[in-house]
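Novice: Just the structure for this:
(one chain, ligands or ions: 3)
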Amino acid sequence: MEILTSAEMGRTDRRAIAKGPYDGYGLMRNAGASVVDEILARFAEVHGVDVLCGPGNNGGDGYVVARLLHERGLDVRVFASAPPRQGSDAALAARDCSVRPEPLSVFRATRERLVVDALFGAGLSKEIGGPEAEAIGSTQAAGCPVVAVDLPSGVSGDSGAILGAAFSATLTVTFFRAKPGHFLYPGRERCGAIVVADIGIAPTVIEGAGIKLWENGPHVWRSDFPSPSSQMHKYTRGHVAVFSGGASATGAARLSARAVARIGAGAVTMLSPSSALLVNAAHLTSIMLQRADTLADVETFVANRRPAAALLGPGFGVGETARLFALFLLGRRKGDLKGVVLDADAITSFAEEPRSLLERMVDGEMPELVLTPHAAEFERLFPDIAADRSLSKVERARAAALQASAVVLLKGADTVVAAPDGRAVINANGTPYLATAGSGDVLAGIIAGLIAQSMPVFEAAAAATWLHAEAGRLFGPGLIAEDLPELLPEVLSGLLGAS
Ligand SMILES: NC(=O)C1=CN([C@@H]2O[C@H](COP(=O)(O)OP(=O)(O)OC[C@H]3O[C@@H](n4cnc5c(N)ncnc54)[C@H](OP(=O)(O)O)[C@@H]3O)[C@@H](O)[C@H]2O)[C@@H](O)CC1
Ligand SMILES: Nc1ncnc2c1ncn2[C@@H]1O[C@H](COP(=O)(O)OP(=O)(O)O)[C@@H](O)[C@H]1O
Ligand SMILES: [K+]
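Specialist: Ligands and ions are numbered 1, 2, ... in the order given. Below is the predicted model:
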């Protein structure tokens, strides 16, 4: 499903109105009716409803909701912060609603009555204060159920940021397509359950509109997902090089390597410094082991064994060696090395001199680069982008992807994956149980394993994020990073169909 910004949704509304069959008020009536359907289905026991209406079309939806609930015999009160603008669709909706509005300043929420929040939606333009902020405070204090129309008022639809104050809804009913603020934190936790309602806008209305943001899921990348063909052998299934850290920091790379193998790459070689060879040897079975202390060792390995993808960073250590190895790998030809995943220490290693990584000349023949920073690593590599508070997480990831000519996977509870061409996904199937040491190392391994199997890099990073989160959810409480690779077969069976 596409995710639309406020501006894109506004353009979509206008196109839909121009195409028909619904005019603006028709769409508003459909929107209000869809909210009422959800209220009746989910809050059957509620008899009293307070509808809070703002001055714009979000308030207009609120008047439609109030009218329809009143017509069904519910006890409905309307509280308006300001009258709708004359001649607007909202003014028509207010005219047709026989419940007389009271000023918002007299509204006091009570525990027994449902609040319908129709103060602001896509048009939220400044911080909330005054009677609107008091209404939010009163509602939170009463602890009553809240149904938000389009967005909880106070949540920015584009970034998920909270402007001053915001409702915490039990249910949010949005229209046609979800908005970034429904998926990005902190907005996401203010939405409650999310329903995307059909209000009579044909999906074809957004064809050719250049929408490049989706909720992450198999629909984005399933057609590119690898499956082995009958004639393959282990190396044609994809060989991945994973770089190990020193003797006391080998676990991270082993977690990655295990994930590479479980996601279906045919062969994995751990490149290890001499100091860590024995400890790695003691722990590895199907995964091969190769000594690599110097750049010359890496060059020899790559020339002789031609891995399809490489992963550098987990537990590797920060410094010159990481930079040397990374830039060497990125200087290969794509025919030899499809992609390079730089994670963790490999990202931090470029904090002091980002230009050598970010401003390298990129041509279509070079390996693709995937960067997988968490928020702090992102800030180290892209301090200017991170400091720009006007950017949403999606815009930050996109700006970084463009700057680095790389797929950027910006981690967190609302992981965003962005490509240099502007395509992006927001991941929504995660679980806080994934916040456990080594979980990111496994994610990096899944990406490298998919790239080695010839999956395009953006799709590989998006698929890996979703599969990793599915594995986390499957295990639930008690999850440690070691569990994640072992759950991939079950997640893959669910995705591909057991056969
Ligand atoms: N045909 C369609 O397009 C359809 C649209 N639909 C519905 O329309 C909604 C979008 O409507 P909208 O564009 O009128 O914006 P809305 O969210 O009502 O707010 C704008 C008003 O609020 C004001 N304001 C903003 N922030 C404020 C603040 N902090 N404190 C105080 N005031 C503030 C702002 O003032 P201004 O910025 O102009 O100064 C302006 O007056 C959308 O979410 C969906 O529910 C559906 O019916 C389907 C069909
Ligand atoms: N609260 C959360 N909800 C969902 N996913 C989370 C949450 N916190 C962390 N994650 C995920 O867990 C992984 C943690 O990776 P990272 O921070 O690199 O940890 P490590 O370096 O220990 O492996 C990322 O994929 C991240 O998106
Ligand atoms: K609202």
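Novice: Doesn't A148 belong to a strand?
Specialist: Yes. Counting by DSSP: H, G, I helix; E, B strand; the rest coil, A148 is found in a strand.
Novice: out of everything not next to it in sequence, what's closest to it?
Specialist: A169 (3.8 Å; Cβ to Cβ, 6 or more residues apart in numbering). Glycine gets a C-beta too; all of them are placed from N, C-alpha and C.
Novice: List the contacts of stretch 314-331.
Specialist: Applying Cβ atoms under 8 Å, 6 or more residues apart in numbering, the contact partners of stretch 314-331 are 243-246, 249-253, 255-256, 295, 298-299, 302, 310, 312-313, 337, 340, 342-346, 348-350, 353, 356-357, 360, 366-367, 369, 440-441, 444.
Novice: tell me the contacts of the residue nearest to A148?
Specialist: By Cβ under 8 Å, 6+ apart, the residues touching A169 are 117, 146-148, 152, 190-192.
Novice: so which helix or strand takes in it?
Specialist: Using DSSP states H and E, A169 sits within no helix or strand.
Novice: wait, which of the contacts of A169 is closest to ligand 1?
Specialist: A148 (9.7 Å; Cβ to the nearest ligand atom).
Novice: mind checking pLDDT for the closest one?
Specialist: On pLDDT, A148 comes in at 98.
Novice: Beta-bridge partners for it, please?
Specialist: D117, T172 (DSSP bridges).
Novice: Quick check, T170 in contact with G192.
Specialist: Yes. The criterion here is Cβ atoms under 8 Å, and T170 meets it with G192 at 4.5 Å.
Novice: Identify the contacts common to these two.
Specialist: V146.
Novice: Got the phi and psi for the nearest residue to T5 once chain neighbours are set aside?
Specialist: Computed as Cβ to Cβ, 6+ apart, the closest residue to T5 that is not its neighbour in sequence is D158, at 5.2 Å. Per-residue torsions, D158: phi -90, psi -30 (degrees, to the nearest 10).
Novice: Low-confidence bits of the protein, can you list those?
Specialist: 498-499 (pLDDT under 70).
Novice: Domain map for it?
Specialist: 6-211, 218-496 (automatic domain parsing).
Novice: Tell me which of those lies nearest to ligand 1.
Specialist: Once the domains of the chain are compared by Cβ to the nearest ligand atom, domain 6-211 is nearest, at 2.0 Å.
Novice: touching ligand 1 at all, that closest one?
Specialist: Yes. Using Cβ under 6 Å from any ligand atom, domain 6-211 reaches ligand 1 at 13, 24, 27-28, 31, 54-61, 120-128, 132, 149-150, 175, 199.
Novice: Any chance of a ChimeraX selection covering the buried ones in these?
Specialist: In ChimeraX, a selection of the buried entries from those looks like this (16 or more other Cβ atoms under 10 Å):
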select :13,24,27,28,31,54,55,56,57,58,59,60,61,120,121,122,124,128,132,149,150,175,199
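Novice: Measure how buried R77 is and give me the count.
Specialist: 18 (other Cβ atoms under 10 Å).
Novice: What residues does this structure have near ligand 2?
Specialist: 344, 374, 411-413, 415, 430-432, 434-435, 437-441, 443, 468.
Novice: Among the residues you listed, name the ones in helices.
Specialist: Among the residues of the chain next to ligand 2, the members found in helices (DSSP state H) are 344, 439-441, 443, 468.
Novice: Tell me how far the residue most central in space within the chain lies from K411.
Specialist: Geometric centre of the chain, nearest residue: I426, 1.9 Å, by Cα atoms, centre = their mean. To K411, I426 is 12 Å away according to Cβ to Cβ, to the nearest Å.
Novice: you'd agree V115 is up against G143?
Specialist: No. Using Cβ under 8 Å, V115 makes no contact with G143, being 10.7 Å away.
Novice: Of these two, which one has the most company?
Specialist: Ranked by neighbour count (other Cβ under 10 Å), V115 and G143 place V115 first, with 26 against 11.
Novice: For the residue in the stretch 201-350 of the chain that ligand 2 sits nearest to, which non-adjacent residue is spatially closest?
Specialist: Per Cβ to the nearest ligand atom, A344 is where the stretch 201-350 of the chain lies closest to ligand 2, at 5.7 Å. Excluding its sequence neighbours, the residue lying closest to A344 (Cβ to Cβ, 6+ apart) is G313, at 4.1 Å.
Novice: which residues does the one you found contact?
Specialist: 243, 322, 341-347, 372, 444.
Novice: out of these, which one sits closest to T5?
Specialist: T372 (25.1 Å; Cβ to Cβ).
Novice: neighbours around S493, how many?
Specialist: That count, for S493 with other Cβ under 10 Å as the rule, works out to 11.
Novice: Sorry, slip of the keys, the one I care about is F176.
Specialist: Neighbour tally, F176, other Cβ under 10 Å: 24.
Novice: contacting residues around the residue nearest to it when sequence neighbours are not counted?
Specialist: Leaving aside its sequence neighbours, F176 sits nearest to I201 (Cβ to Cβ, 6+ apart; 4.8 Å). Going by Cβ under 8 Å, 6+ apart, I201 touches 12-13, 16, 22, 27, 175-176.
Novice: Appreciated, that's everything.
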